[in-house]
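*Asks:* would you be able to build a 3D model of this:
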Amino acid sequence: EREGRRGDARAAAERLLDASECPDRAPALLRIGRLRDAEGDDPGALAAYAEGVALEGPGSESALELKALATGTAAFEKYVSALRRYLSRGEATERVGALLEIARVLGDSLARPRAAIAALEEAVEAHPGELRLRRELGLRLRDAGDAEHAASAFEDLALADPTRPEGWRELSRTHLAMERRIEARLAAEPLAVLGVPDDGLKRLLREAPPRPGEARSGSFGPALLERLAADTPELQSVTTLLRVMEPALAKLYPADLASYGLGARDKLGTRSGHPLRALVDRLASALGLGGFDLYVHAHPHATPQVELGAAALVLVPEDVLQLPRSALVFLLGQALVPIARGLPALAKLTPREVEVVLAAAARHVQPRFGRGLTGEDVLADQSKRLFKALPRRQRRAFEEAAQAYVDAGRVDFGAFHRRAARLATRVASLLADDLAASVRMLVRGHRDLQGREGAALLERGSAARELVTFWASGAAMQLRKHAGLLEAPDASRAT
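*Replies:* You can find the predicted model right below:
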């Protein structure tokens, strides 16, 4: 070759290659390709480079040389075929890169966008954890004019790792491409939680601002809340028994207004004219909630409290009233959702207290139920007081519900409370219509989240991560549509 005898050098290399199975095949193929290229033998050079790509993949020198030489459909199809042969090799190390390169060549070099999308869909199914594939699929779908499916792909990307800004940005841009400004703002709001500056989000917050407390009347009524709770039969036996027991629980755990510095005359009635009452009534209407009593107190609590009574009591710290409307709506929503479900006890009692009081109730149909849970005298006393406090007309229903609870089997009360709190948090965030405000208020009630910022808030298993992943999901969007929150404000009010 140094003597200018390229033909002889190429022939020698080919003979060596044909006679050898050594690991230097790829360098030899690269050399042959370059020699054929120098001789003007483009088809021969392409064939050698393609064999090298099949061995070393898209990041190889053979791939670079092939792309530089390729000028027509046949050459790029040869490249795609070589990449697929590379993928079929068990030792292929650049699998994701090869899959992305196939899509790029199909979509750009061969102008076959649907083939590129089909290849990416197959790749995503085979490698669901590879986020680069999901992002490329979304981009290709959007470029092809299929914004609906692109939004679904970007939603999957964002939910797979909510700490990565690009998923939220692309989802927001895709909604904008469909002229859905409200959905675009909702999809971009996780960027604020992550602490990522974004001019697009700032613009969307001006053009389609949050509308806290404006959900349609009855849009989150008790029937929908129970469908969203999706309780198992075991948990349904708990909620049924708690609802039957509600009048008795109000007597076992009566509200102590004096401990808040309040009296009966401090109640904010529906005619009080207090702006808090008007806001709470609006939220109650969205939740299909009837009677409840509302108070404002001066004690230093971070969130509203729920107490039990003939009607549930909502006690709001006056400091909370200074919060922005979105934050206030979120905190009130968290308190009101369990009341709307007919389960105010879940907002008042600890998981341990609920377990004990249900064991006491169960003893009316199985006298030894809950043995060892707490002192026998405690269970016996609560059982007597509970039955005595029940209205006579409800005792038959109480006994049936208690038997169903006993028959249902063991219940994890900690998990039950977490499920109920998660539902309340989700619905409260929808009522607030402001993710950043909702997360700030969520942090107030979770010591494990306090002191965290940005991506640290969204560690796996955290309540903040759960809320963010729900926020822009398809399920949340459907609920907003049902509540009139995806319509222009005037259209929503008209209905």
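*Asks:* you'd agree Gly333 is up against Leu423?
*Replies:* No: contact status for Gly333 versus Leu423: not in contact, 10.9 Å apart, counting by C-beta atoms under 8 Å. Every residue, glycine included, has its C-beta placed from N, CA and C.
*Asks:* the more surrounded of these two?
*Replies:* Legend: neighbour count by other C-beta atoms under 10 Å for Gly333 and Leu423, higher for Gly333 (30 against 19).
*Asks:* any idea which element the more buried one lies in?
*Replies:* Following DSSP states H and E, one finds Gly333 within helix 325-340.
*Asks:* next helix or strand past that helix?
*Replies:* From helix 325-340 onward toward the C-terminus, using DSSP H and E, the following helix or strand is helix 345-348.
*Asks:* render the CA-only coordinates of that following helix in PDB, please.
*Replies:* Output of helix 345-348 as PDB, limited to C-alpha atoms (Å, rounded to 0.1, in the frame of the first residue of the first chain):
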ATOM      1  CA  ALA A 345     -62.700   9.800  61.600                       C
ATOM      2  CA  LEU A 346     -59.800   9.100  59.200                       C
ATOM      3  CA  ALA A 347     -58.800  12.800  59.500                       C
ATOM      4  CA  LYS A 348     -59.100  12.800  63.300                       C
END
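*Asks:* who touches it?
*Replies:* Under the contact criterion C-beta atoms under 8 Å, 6 or more residues apart in numbering, helix 345-348 has outside partners 242, 245-246, 249, 253, 305-308, 335, 338-339, 354, 417, 420, 424.
*Asks:* what do you get if the cut-off is 6 Å, keeping everything else the same?
*Replies:* Residues from elsewhere that reach helix 345-348 (C-beta atoms under 6 Å, 6 or more residues apart in numbering): Leu242, Leu249, Val306, Leu308, Pro338, Ala420.
*Asks:* quick one: the strands in the stretch 251-400 of the chain, in order.
*Replies:* Taking DSSP state E, counting those that start in this stretch as the criterion, the stretch 251-400 of the chain contains strands spanning 293-297, 305-307, 313-317.
*Asks:* adding mean neighbour count, mean pLDDT and distance to Glu125, write those out as CSV.
*Replies:* What follows is these, written out as CSV (neighbours: other C-beta atoms under 10 Å; pLDDT from 0 to 100; distance: least, C-beta to C-beta, whole Å):
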stretch, mean neighbour count, mean pLDDT, distance to Glu125
strand 293-297, 21, 96, 52
strand 305-307, 20, 96, 46
strand 313-317, 22, 96, 49
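*Asks:* would you mind pulling the contact partners of the strand or helix carrying Met245?
*Replies:* Secondary structure assigned from DSSP H and E places Met245 in helix 233-252. Residues from elsewhere that reach helix 233-252, judged by C-beta under 6 Å, 6+ apart: 308-309, 342-343, 345, 386, 389-391, 397-398, 401, 404-405, 408-409, 411, 416.
*Asks:* Leu110: what's it in contact with?
*Replies:* With contacts taken as C-beta under 6 Å, 6+ apart, Leu110 has the following neighbours: Phe76.
*Asks:* filter the contacts of helix 233-252 to the buried ones?
*Replies:* Neighbour-count burial (16 or more other C-beta atoms under 10 Å) is assigned, among the contacts of helix 233-252, to 308-309, 342-343, 345, 386, 390, 398, 401, 404-405, 408, 411, 416.
*Asks:* farthest-apart pair in the residues you listed, please.
*Replies:* Spatial extent of the buried ones among the contacts of helix 233-252 (C-beta to C-beta) is set by the pair Gly309 and Ala408 at 28.6 Å.
*Asks:* how far does stretch 267-278 sit from the chain's center?
*Replies:* From the chain centre to the centre of stretch 267-278 is a distance of 36 Å (C-alpha atoms, centre = their mean, to the nearest Å).
*Asks:* any buried residues in it, and which?
*Replies:* Leu268, Leu276, Arg277.
*Asks:* for it, give the mean pLDDT please.
*Replies:* Here the mean pLDDT over stretch 267-278 is 91, rounded to a whole number.
*Asks:* any residues touching that stretch, and which ones?
*Replies:* By C-beta under 6 Å, 6+ apart, stretch 267-278 touches Asp293, Leu294, Tyr295.
*Asks:* Val196: which of the residues you listed is nearest?
*Replies:* Proximity of the contacts of stretch 267-278 to Val196, judged by C-beta to C-beta, is greatest for Leu294, which lies at 38.3 Å.
*Asks:* and the closest one, how far from Leu268?
*Replies:* Noted for Leu294: a distance of 5 Å to Leu268, by C-beta to C-beta, to the nearest Å.
*Asks:* likewise Leu30?
*Replies:* With the distance defined as C-beta to C-beta, Leu30 ends up 82 Å from Leu268.
*Asks:* again, but for Leu139
*Replies:* The separation that Leu139 has from Leu268, given C-beta to C-beta, amounts to 53 Å.
*Asks:* kindly export the strand or helix carrying Glu122 (C-alpha atoms) in CSV.
*Replies:* The secondary structure element spanning Glu122 is helix 113-126 (assigned by DSSP H and E). Taking only C-alpha atoms (Å, rounded to 0.1, in the frame of the first residue of the first chain), the coordinates of helix 113-126 have been written out as CSV:
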residue,chain,number,x,y,z
PRO,A,113,-41.4,8.5,9.2
ARG,A,114,-44.0,5.8,9.9
ALA,A,115,-41.3,3.1,9.6
ALA,A,116,-39.1,5.1,12.0
ILE,A,117,-42.0,5.3,14.5
ALA,A,118,-42.8,1.6,14.1
ALA,A,119,-39.2,0.8,14.8
LEU,A,120,-39.1,3.0,17.9
GLU,A,121,-42.4,1.5,19.2
GLU,A,122,-40.9,-1.9,18.9
ALA,A,123,-37.8,-0.7,20.6
VAL,A,124,-39.6,0.9,23.5
GLU,A,125,-41.6,-2.3,24.1
ALA,A,126,-38.4,-4.3,24.2
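*Asks:* great, nothing more from me.
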